[in-house]
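1. what follows is a predicted structure for the sequence shown.
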Amino acid sequence: AQSVTQPDIHITVSEGASLELRCNYSYGATPYLFWYVQSPGQGLQLLLKYFSGDTLVQGIKGFEAEFKRSQSSFNLRKPSVHWSDAAEYFCVTGGYNKLIFGAGTRLAVHP
Amino acid sequence: DAGVIQSPRHEVTEMGQEVTLRCKPISGHDYLFWYRQTMMRGLELLIYFNNNVPIDDSGMPEDRFSAKMPNASFSTLKIQPSEPRDSAVYFCASSFAGNPSNEQFFGPGTRLTVL
């Protein structure tokens, strides 16, 4: 069965520091993979997606993610974090119109 | 486009009362999803519709929960009778089958508190 694992429940970084959020997936074929962000009290917003092609995916707000089949990973990165990036981040995989969410990683940003 | 619209944004009710949550998907989208988010269980898919027809309701917790989609622009999720353990944030999302990446667009959610 498809699944995604986010090993880090909570991460704290300083503003301006680089960020990497980890995600591992379990799926036999090439999966659809997404990163969504949920700001406090808000809905979920799509940051980026991968379903084929270039394994380095660029998203909104300066985020990128790299699909690595050999490691079954789809880690999210940002070179310099802003205070407004404090939120919860979900790695998501999907079959046909059925999304499976990871547990989420809550990001705190120190000034 | 206004995005996915949900109402109400917040609902506080007493145990035993009927609760109805509403959703308007993005125009032209043919899939609609209802999710529940709790601290204990994270985000769970409750039910989804394709062209107004329920396709998979295996995530609906029990018979107290029901969902309808009478037309392409409106869906409801009803809980009757409500219980304190139903307290959660309920999200509606929609997508378009012609999008190969199956991207879903989420509404802002309804925060339900059952006292």
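-> Nice, I can see it.
2. what distance do you get for the residue nearest to B:Pro108 when sequence neighbours are not counted to A:Tyr27?
-> Distances taken as CB to CB, 6 or more residues apart in numbering or on different chains put A:Gly43 closest to B:Pro108, at 4.4 Å, once the chain neighbours are dropped. C-beta: built from backbone N, CA, C; applies to glycine. Note on A:Gly43: its distance to A:Tyr27, by CB to CB, to the nearest Å, is 26 Å.
3. before we move on, back to that, pLDDT score for the residue nearest to B:Pro108?
-> According to the predicted model, the pLDDT of A:Gly43 comes to 85.
4. same question for A:Gly28.
-> Turning to A:Gly28, the model gives it a pLDDT of 65.
5. give me the most central residue, chain B.
-> Nearest to the mean C-alpha position of chain B, by CA atoms, centre = their mean, lies B:Trp34 at 3.0 Å.
6. isn't that residue up against B:Ser66?
-> No. When contacts are counted by CB atoms under 8 Å, B:Trp34 is not listed as touching B:Ser66 (10.7 Å).
7. any residues in contact with both of these two?
-> By CB atoms under 8 Å, 6 or more residues apart in numbering or on different chains, B:Trp34 and B:Ser66 have these common neighbours: B:Leu77.
8. please enumerate the strands of chain B.
-> Here chain B has its strands, by DSSP state E, at B:5-7, B:10-13, B:19-24, B:31-38, B:42-50, B:53-56, B:65-71, B:74-79, B:88-95, B:105-106, B:110-114.
9. what would these look like in JSON lines with mean pLDDT and distance to A:Arg77?
-> Listed next are these as JSON lines, based on pLDDT from 0 to 100; distance: least, CB to CB, whole Å:
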{"stretch": "strand B:5-7", "mean pLDDT": "96", "distance to A:Arg77": "32"}
{"stretch": "strand B:10-13", "mean pLDDT": "97", "distance to A:Arg77": "35"}
{"stretch": "strand B:19-24", "mean pLDDT": "98", "distance to A:Arg77": "34"}
{"stretch": "strand B:31-38", "mean pLDDT": "94", "distance to A:Arg77": "25"}
{"stretch": "strand B:42-50", "mean pLDDT": "93", "distance to A:Arg77": "23"}
{"stretch": "strand B:53-56", "mean pLDDT": "94", "distance to A:Arg77": "34"}
{"stretch": "strand B:65-71", "mean pLDDT": "97", "distance to A:Arg77": "38"}
{"stretch": "strand B:74-79", "mean pLDDT": "98", "distance to A:Arg77": "36"}
{"stretch": "strand B:88-95", "mean pLDDT": "95", "distance to A:Arg77": "26"}
{"stretch": "strand B:105-106", "mean pLDDT": "91", "distance to A:Arg77": "23"}
{"stretch": "strand B:110-114", "mean pLDDT": "97", "distance to A:Arg77": "31"}
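10. all set now, cheers.
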